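Colleague: below is the sequence, then the predicted model.
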Amino acid sequence: MKYGSEQILPYNREEQKGTQVKRMFDSIAGTYDLLNHTLSFGIDKIWRRKGIAFLRPFSPQSILDIATGTGDLAISMHRKLKANRIIGADISEGMMQVGREKVAKAGLSEYISFEQQDCTALTYPDNSFDAVTAAFGVRNFENIEQGIAEMFRVLKPGGHLMILELSTPEHFPMKQLYPIYSKTIIPFIGRLFSKEKAAYSYLPESIKVVPQGKVMEELLARQGFTQAKARTFTFGICSLYTGCKDGSRTIPTK
């Protein structure tokens, strides 16, 4: 199945999406963190905490963070979960270099490392990690189903998946306000802080058509995940998707 976000490309119709996404993120790596926090008014930090809270009862010790970018989620997961090994995987070396510098400054290089990977063809053996995560990266996948299938493959039986992704609000009043924000505020702030105009036109377009809600739950289930669940935060601007690989115990309830 093809998804709309797979067909939204940053630059042109001639190159593969993965090639264009790599170039785009390499070009904005230096300003990405500032822009990311500015565009979300800092709420992205709260979203990450909510995603990490899902993993906390399971105490994962080995974690693969797909589309890790500059490593914000990886750093937060180590601090909150005390995992022994976190690998941040990304297609963009420019983003990961910023992440390596942040990790070194925080004194966490012993626990967090970065590796360039194609999310649709990971080099890790089957059943390698206690948890696999991705924050705000699924919409950049060239083939979403293959990317999710790879997450399932490298996850240990009994392991857990946690995905955070931006989404389109479906209810009043945010449904009416969000298009204004995405079409005017995001491109304006992007141009203000970055010379890469295409990146901040691509962002709202890809959010509009990335699979979300029940569609994403069904996608996870088709790739083998059990207990696939979607929930939204901040009036539907962000979605959390979770699931388990066969053999997992039931998710604790409060």
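Modeller: The structure has been received and is ready for your questions.
Colleague: show me what contacts residue 201?
Modeller: 187, 190 (Cβ atoms under 8 Å, 6 or more residues apart in numbering). For the C-beta atoms, the positions are set from N, CA and C on the backbone; glycine is no exception.
Colleague: what helix or strand does it sit in?
Modeller: In the assignment (DSSP states H and E), residue 201 maps to helix 197-209.
Colleague: packing partners of the helix or strand that that helix is followed by?
Modeller: With elements assigned by DSSP H and E, the helix or strand that comes after helix 197-209 is helix 214-222. When contacts are defined as 3 or more Cβ pairs under 8 Å, 6 or more residues apart in numbering; DSSP states H and E, helix 214-222 packs onto helix 144-154, strand 155-166, strand 226-233, strand 238-244.
Colleague: of those, which approaches residue 17 most closely?
Modeller: helix 144-154 (10.8 Å; Cβ to Cβ).
Colleague: what are the contacting residues of that closest one?
Modeller: Residues outside helix 144-154 that contact it (Cβ under 8 Å, 6+ apart): 1, 3, 5-6, 64, 66, 119-122, 124-129, 132, 134, 138, 141, 161, 211, 219-220, 222-225, 245.
Colleague: averaged pLDDT, that helix. What do you get?
Modeller: For helix 144-154, mean pLDDT rounds to 98.
Colleague: pull it out as CSV, backbone CA atoms only.
Modeller: Extracted in CSV, the C-alpha atoms of helix 144-154 (Å, rounded to 0.1, in the frame of the first residue of the first chain):
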residue,chain,number,x,y,z
ILE,A,144,6.5,3.3,5.6
GLU,A,145,5.4,-0.3,5.6
GLN,A,146,8.9,-1.6,5.0
GLY,A,147,10.3,0.8,7.7
ILE,A,148,7.7,-0.6,10.2
ALA,A,149,8.5,-4.2,9.1
GLU,A,150,12.2,-3.5,9.9
MET,A,151,11.3,-2.2,13.3
PHE,A,152,9.4,-5.4,14.0
ARG,A,153,12.2,-7.6,12.7
VAL,A,154,15.0,-6.1,15.0
